[in-house]
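**Student:** Return a 3D structure for these sequence lines:
(chains A and B)
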Amino acid sequence: MSDLETFRKDTKAWLEANCPAEMRQPPRSEDDTCWGGRRWKFQSDAQRVWLERMAEKGWTVPDWPREYGGGGLSRDQLKILRQEMRALGCRSPLDSFGIWMLGPALLKYGNEEQKHEHLPKIARGEIRWCQGYSEPGAGSDLASLQTRAEDKGDNFLVNGSKIWTSYADRADWIFCLVRTDPNSPKHSGISFLLFDMQSPGVSTKPITLISGASPFCETFFDDVLVPKHNLVGTLNKGWEIAKYLLTHERDMIGGMGSTSDSRSLGQSAAESVGLENGVLGDTVLRSQIASYEIDAAAFRLTMERAGDLAKVGQAHPAISSLLKYYGTELNKRRLELTMSAGGSDALEWEGEKSREGFTARAWLRSKANSIEGGTSEVQLNIIAKRILGLPGA
Amino acid sequence: MPLVLNDEQTMLRDNARGFLSKNAGIAHLRQLRDSRDETGFSRKLWKDFVEMGWAGILIPQNYGGLGLGHVEAGVVMEELGRTLTPSPFLSTALIAASAITHAGNEKQKSHYLPKIAAGELIATLAIDETSKHRPENIALTATRSGAGYALKGAKTFVVDGHVADLLIVAARTSATPGETKGLTLFLIDSKTKGVNAERTPMVDTHNSARITFDNVTILADAVLGKIDEAWEALEGALNVGRAAIASELLGAGEEAFARTVRYLRERKQFGRLIGEFQALQHRAANLYCELELTRSVVLKALQTLDESFANAGAIVSIAKAKAGATATLAVQEAVQMHGGIGMTDEFDVGLFMKRVRVGQELFGDANFHADRLARLSHY
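**Tutor:** I've put the predicted structure just below:
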């Protein structure tokens, strides 16, 4: 048996022995997924046990080095772990922006002290992070951000505000883009800071969205003191880190639609709309769903291929823009079709039957996918310029 | 299996690309078209293909072939798509060779396969009877007659039908049109009495024919595979053809796109390069994404044919549907973005549009395959 086959066998056995039955059901609400942090309240013992066991193995962050709390897995091993988790229907033990975004950036740009300080706490779900990027005047044009950090000897003094800060009200720490040199051109003069959200002068205000939920906040910084050792990378060179992190954010958002539903859209539509002579009663919807399923399959394979290309060093650095653009547009399509298949049932906003309007809220939430992390239009700009080499405006 | 070509496959692709661009570019297609070539492809070029082993690419080595897989076959098809090269590669080396390899008995395999690999036999599958691809609706009948069968009916859209030496004919031996049972495949010499092939010149200048079978009598040993139960073998051969066409469509779509992006970078209007206009940039970027998705799914379909031939139906349909839709978008955008010059016969992009339209239709268009996928998924 090859090493990888042994790994697969052992992984499968370990998951079967250690993943609680409850953690093998698809999540039914946002809180069914553990986000960790100082203030996290576990939904159940099973959720806590599953996180602890996976963190112990380093499998909340399977491909991070072991010394920072990771599992030290190779790409092939990671693929196998994901396949076996999917086969058993295991939930993710821990989701967080620390895992998806800050971690990769710290691994590349952080110093040893920062890595040892922050990465293991992310891996164990002890600290929940939020992302301080967009500002009221800096959305798609992110680099025009105005939040400033002044040099005050041992500290920076941070003043300004952020917007669309996901879960800022529940986060423990923030990774934040600040302007440290107001006189240089906009892409220079930006730095990448980490600080505690409990620092004096930090306040947050949730924004209610069309879905009724408030996943995003306005975040205000009023004379916040941040120790200088919390600067990641070089002063005024934070834009490079910002962009690197964005590629991870885009992969994360782009991949959302493809993993959330194990059942095919066609099968769930068959239940709600009904079949006539073995085919979906609404034949126009049927062809739209089939066309969606074709694109969704091609997209899943493209994510897989992007990973395979990265492994042999052939992936284009801007491939994450493709995944972000296509994945989010696809997810919006999926939810439009889900609404269409669900008919009036899918419109229910409250009550047990609709699980408090689960479908309608998910549909509305999906509209942000092609805006957050860089709009679809920004991704198309990046593809046009960086991949196709079309002349810039 | 990783979704990337391995070193040997990459080398095959580079060699094929080099050879075809030098010996069989668009000028070659134009020459065949403008001279109204009666064969519809160059026998000299086919001989070169044979020498490179391509005629026997799928044929096992013990029958004189290279014994390579569908990924390799797809790599060559994609390159043929870039140059729009007409050849019997699809009909003979892929579909017919695969049908005989999978369904044939020892005698049939040792008789036909070495001849195909040696370039001595052009063979093709005759399947469609109506203007849309509906394989279960086959109505051409084969009835018992003496020691063999008598065939009556007609086939259309038969690739290389007017030059084929050997026809693989899908016929109904029992049950009724619309049913997948009751079908049988026959190996029929095209010179048999009662077989009449009429070339149907198509929009893309590639070969197609209508063939009538007027009480064609053949011996029982002409049966390929199982009597009344050819559906599985037929699906297998069609899946090979569909995945191959998907590869060709990918190649044609990518080439049309590459030419368009080049044009966007050099054409000036309003004092600017037209590639500076965001309206065009975004459409080009979207098309790039569609082509990348198509590449992933086509490769997966080819790999699945290699790894699990009998279970490739769904992924092949996904690949054919996606490739058809993407290539169609690519050629439409190519003509539109080239503007007036894209409408001229002198300029090449129109030739891509023509071939893609035929490829989209061949062995089921995107609608057919979307429907097939929905059926396979029970909705």
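
**Student:** Tell me where the stretch 101-250 of chain A has strands.
**Tutor:** For the stretch 101-250 of chain A, the strands defined by DSSP state E, counting those that start in this stretch cover A:129-132, A:148-152, A:155-166, A:173-179, A:190-196, A:202-207, A:216-227, A:231-232.

**Student:** tell me the most buried of these?
**Tutor:** With neighbours taken as mean count of other Cβ atoms under 10 Å in any protein chain shown, these reach their highest mean count in strand A:129-132, at a mean of 28. Any C-beta I mention is one placed from the backbone N, CA and C, and that applies to glycine too.

**Student:** Check which helix or strand B:Val169 maps to.
**Tutor:** Using DSSP states H and E, B:Val169 maps to strand B:166-172.

**Student:** quick one, phi psi at whichever residue of the stretch 51-200 of chain B sits closest to chain A?
**Tutor:** Here the stretch 51-200 of chain B gets closest to chain A at one residue, B:Gly178, 12.9 Å apart by Cβ to the nearest Cβ. The phi and psi values for B:Gly178, taken as degrees, to the nearest 10, are phi 110, psi -20.

**Student:** For chain B, find the nearest of the strands of the stretch 101-250 of chain A.
**Tutor:** strand A:155-166 (23.5 Å).

**Student:** Check whether the residue of the stretch 51-200 of chain B closest to chain A really touches B:Asn137, as I assumed.
**Tutor:** Yes - using Cβ atoms under 8 Å, B:Gly178 is in contact with B:Asn137, at 5.9 Å.

**Student:** So those two - more neighbours on which side?
**Tutor:** B:Asn137 (15 against 10; other Cβ atoms under 10 Å in any protein chain shown).

**Student:** How about the more buried one, nearest residue that isn't a chain neighbour?
**Tutor:** B:Pro177 (4.7 Å; Cβ to Cβ, 6 or more residues apart in numbering or on different chains).

**Student:** tell me the SS of the spatially most central residue of chain B?
**Tutor:** What sits nearest the mean C-alpha location of chain B, by Cα atoms, centre = their mean, is B:Ile245, with 4.1 Å. Assigned with DSSP: H, G, I helix; E, B strand; the rest coil, B:Ile245 falls in the helix class.

**Student:** from memory it sits against B:Glu361, does it?
**Tutor:** No - here B:Ile245 does not reach B:Glu361: they are 9.6 Å apart, not a contact under Cβ under 8 Å.

**Student:** quick one on the thing from earlier: what's near enough to touch the residue nearest to the centre of chain B?
**Tutor:** Each residue near B:Ile245 by Cβ atoms under 8 Å, 6 or more residues apart in numbering or on different chains is listed here: B:77, B:90, B:320, B:323, B:359, B:362-363.

**Student:** which residues touch A:Pro20?
**Tutor:** A:Pro20 touches A:46, A:49-50, counting by Cβ under 8 Å, 6+ apart.

**Student:** For these, which single residue is the most surrounded?
**Tutor:** Highest neighbour count within these, by other Cβ under 10 Å: A:Trp50, with 25 neighbours.

**Student:** Close to chain A: what parts of the stretch 251-379 of chain B are there?
**Tutor:** B:261, B:264-265, B:273, B:275-276, B:278, B:280-282, B:284-286, B:288-289, B:292-297, B:299-300, B:315, B:318, B:321-322, B:367, B:369-371, B:373-375, B:377-379 (Cβ under 8 Å from any Cβ of the partner chain).

**Student:** just checking, which of those residues belong to helices?
**Tutor:** Residues from these lying in helices, with DSSP state H as the criterion: B:261, B:264-265, B:278, B:280-282, B:284-286, B:288-289, B:292-297, B:299-300, B:315, B:318, B:321-322, B:367, B:369-371, B:373-375.

**Student:** out of these, which are buried?
**Tutor:** Taking 16 or more other Cβ atoms under 10 Å in any protein chain shown as the criterion, what is buried in those is B:261, B:264, B:280-282, B:284-286, B:288-289, B:292-297, B:299-300, B:315, B:318, B:321-322, B:367, B:369-371, B:373-374.

**Student:** burial count for B:Gly67?
**Tutor:** B:Gly67 has 15 neighbours, counted by other Cβ under 10 Å.

**Student:** And what about it, helix, strand or coil?
**Tutor:** coil.

**Student:** what about it, distance to B:Ala117?
**Tutor:** Using Cβ to Cβ, to the nearest Å, we find B:Gly67 at a distance of 10 Å from B:Ala117.

**Student:** any shared contact partners between those two?
**Tutor:** Contact criterion Cβ under 8 Å, 6+ apart; residues bridging B:Gly67 and B:Ala117 by contacting each: B:Ile59.

**Student:** Just list the residues touching the nearest residue to B:Gly251 once chain neighbours are set aside, thanks.
**Tutor:** Closest residue to B:Gly251 apart from its sequence neighbours, by Cβ to Cβ, 6+ apart: B:Gly81 at 2.7 Å. For B:Gly81, the contact set (Cβ under 8 Å, 6+ apart) comprises B:247-255, B:355, B:359.

**Student:** Among those residues, which lie within helices?
**Tutor:** If you go by DSSP H, the contacts of B:Gly81 have B:247-255, B:355, B:359 in helices.

**Student:** Please identify which of these is nearest to A:Ala318.
**Tutor:** When those are compared for distance to A:Ala318 (Cβ to Cβ), B:Glu254 wins out at 17.9 Å.

**Student:** I figured that closest one was touching B:Arg82, is that so?
**Tutor:** Yes - if you go by Cβ under 8 Å, B:Glu254 and B:Arg82 touch, sitting 6.9 Å apart.

**Student:** what's the burial count for A:Ser144?
**Tutor:** Neighbour count of A:Ser144, defined by other Cβ under 10 Å: 13.

**Student:** Show me how the record splits chain A into domains.
**Tutor:** Following the assignment in automatic domain parsing, chain A carries domains at A:3-95, A:129-236, A:240-387.

**Student:** what separates A:Ser44 from chain B, distance-wise?
**Tutor:** A:Ser44 sits 34 Å away from chain B, going by Cβ to the nearest Cβ, to the nearest Å.

**Student:** give me every residue that touches the residue lying closest to that residue once chain neighbours are set aside.
**Tutor:** With Cβ to Cβ, 6+ apart as the criterion, A:Ser44 has its nearest non-adjacent residue at 6.2 Å, and that residue is A:Glu22. Applying Cβ under 8 Å, 6+ apart to A:Glu22 gives the contacts A:44, A:46-47.

**Student:** and A:Glu22, helix, strand or coil?
**Tutor:** helix.

**Student:** circling back: just curious, which of the contacts of B:Gly81 is nearest to B:Val71?
**Tutor:** For those, the residue nearest B:Val71 by Cβ to Cβ is B:Ser247; the value is 9.3 Å.
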